[in-house]
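Visitor: For reference, the sequence and a predicted model appear below.
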Amino acid sequence: MLLMPPAAKPLPFEPQGARSASGGGVLSLLRGVHILEVLAERGEGLSLAELARELAVNKAIVFRLSEALVEAGFLFRHEQTGHYELTYKLSNLGLRKLDSTRLLDQAGGVLRRLAERSGELARLAVVEQGCRITWVLAAAGEKRSLRIDPNYRHEVHLASHATGKAWLSTMPWKHAWELIQAQGTPKHTPHSLTRKAEIEEDIAQARRRGYAISYEENELGVGAVAAPILVRLVDGEQSCVGAISLAAPTHRMTKSELTACGPGVIEAARELAAIWPIDSPPFRRGVVATALTPTV
C-alpha cells in the first residue's frame, strides 16, 4: 500500500484553487511571499528547517524557493549560521514607489517644521489598501534623546498607538473594531487598553478632538499625539489617507503637554492633505482631493 505524505496546511492567504495543477505557480508565489513576511519578523533570520516548519512543507520546497529569492536579491544566506535573512531590496521597492508619487519630497518639509517647533520626533504614516496604516517617513527635532528601535514594525498597532487611533477615529466604530480584532489587542504595557468598551471610548474622544493620544500604551516611557490626514473627494466622500504623529519621552513631556500639541499636529495634517499627490492611492483614477478640517 502506497502511503501518501500529509498535505501541507493552507497558507493564511491561500486562494481557492491554488493547489490545482494550473495553480501550482500561484502556490509557489504565495509561499515565497510567506517566506518574506515571516523573515520580516525575525531580524536574526531563520534556518531552512525553521522556515519549513513555519510553512508546514518539506525542506526541499523551502530550499528551492529561498534560493530563488536569494538569486533575485530579496534574501541572503548567512555564511556562518546558514540562516536566511531579508535584504533591503524589498523596502527599497516600497521607497521607490513612494518616491514616484512625490509623497516623501512633499511631506518632508511639513514633518521637519513640526519636529523643529517641538524638538521631538514627527512621523508620517500612510493607509494601505484600507486595511492597515504604515510608517513611511520621520523627522527628528533638536531634543534627540528619544530612541526608536530600528527593528520596530513599520505597520502601526491600531489600539495602542496614537497613529492607529487617529485613523480608526475616521471610520464607523464597527469597521474600526473589525480591524482591531484582526490585529489583536496585546497588552504591550500596563497602560495598554484591551477591553472593547474602553477602546471604543478612547476612539470616540479622538474623533471629538480631531487628534488621538497614546501615553505609555504602546511603549513605556513614550507618549504620542497623532491627527488623521483627511481629504474630500470630488464626489463628496471623505477619506483618510494617512496620519501624522509627534512622539516624545514621558520624562520630558507630560500627558497634558502632549495634548497641548494636538492643534499643531492637526494643522500639520491639514498641510499634508492640501499637498497630497493625486496620483497616489486612492486618487490614481484621477479623483481630485481637497483638504478637510477634522471635526473637533
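Guide: Noted; the coordinates are in hand.
Visitor: C-alpha from now on. contacts and neighbour counts both.
Guide: Fine.
Visitor: mind showing which ranges of the stretch 101-250 of the chain have poor pLDDT?
Guide: Residues of the stretch 101-250 of the chain that meet the criterion pLDDT under 70 lie in 101-103, 143-154, 234-235.
Visitor: ok, which stretches of it are strands?
Guide: Listed in chain order, the strands of the stretch 101-250 of the chain (DSSP state E, counting those that start in this stretch) span 121-128, 132-140, 212-215, 222-233, 238-249.
Visitor: Serialize those to TSV and add fields for mean neighbour count and distance to residue 264.
Guide: Listed next are the strands of the stretch 101-250 of the chain as TSV, based on neighbours: other C-alpha atoms under 10 Å; distance: least, C-alpha to C-alpha, whole Å:
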stretch	mean neighbour count	distance to residue 264
strand 121-128	23	12
strand 132-140	19	16
strand 212-215	27	13
strand 222-233	27	9
strand 238-249	25	10
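Visitor: Could you list the domains of this structure?
Guide: Domain segmentation of the chain under automatic domain parsing yields 21-88, 95-291.
Visitor: out of those domains, deepest packed?
Guide: domain 95-291 (a mean of 19; mean count of other C-alpha atoms under 10 Å).
Visitor: rewinding a little: and residue 85, which of the strands of the stretch 101-250 of the chain is closest to it?
Guide: Nearest of the strands of the stretch 101-250 of the chain to residue 85, taken as C-alpha to C-alpha: strand 132-140 at 21.6 Å.
Visitor: which other residues reach the closest one?
Guide: With C-alpha atoms under 8 Å, 6 or more residues apart in numbering as the test, strand 132-140 has contacts from 104, 108, 111-112, 115-116, 119-128, 154-156, 164, 167, 242.
Visitor: on that earlier part again, which one of the strands of the stretch 101-250 of the chain lies closest to residue 70?
Guide: Nearest to residue 70, of all the strands of the stretch 101-250 of the chain, is strand 132-140, at 25.4 Å by C-alpha to C-alpha.
Visitor: ok now the closest one, how far from the chain's centre?
Guide: Relative to the chain's own centre, strand 132-140 is displaced by 8 Å; criterion: C-alpha atoms, centre = their mean, to the nearest Å.
Visitor: Can I get that strand as CSV, trimmed to CA atoms?
Guide: Output of strand 132-140 as CSV, limited to C-alpha atoms (Å, rounded to 0.1, in the frame of the first residue of the first chain):
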residue,chain,number,x,y,z
ARG,A,132,-3.5,48.9,7.6
ILE,A,133,-1.5,52.0,8.3
THR,A,134,2.3,52.1,7.9
TRP,A,135,5.0,54.5,8.9
VAL,A,136,7.0,55.7,5.9
LEU,A,137,8.9,58.9,6.9
ALA,A,138,10.3,60.5,10.1
ALA,A,139,12.0,63.8,11.1
ALA,A,140,13.8,64.4,14.4
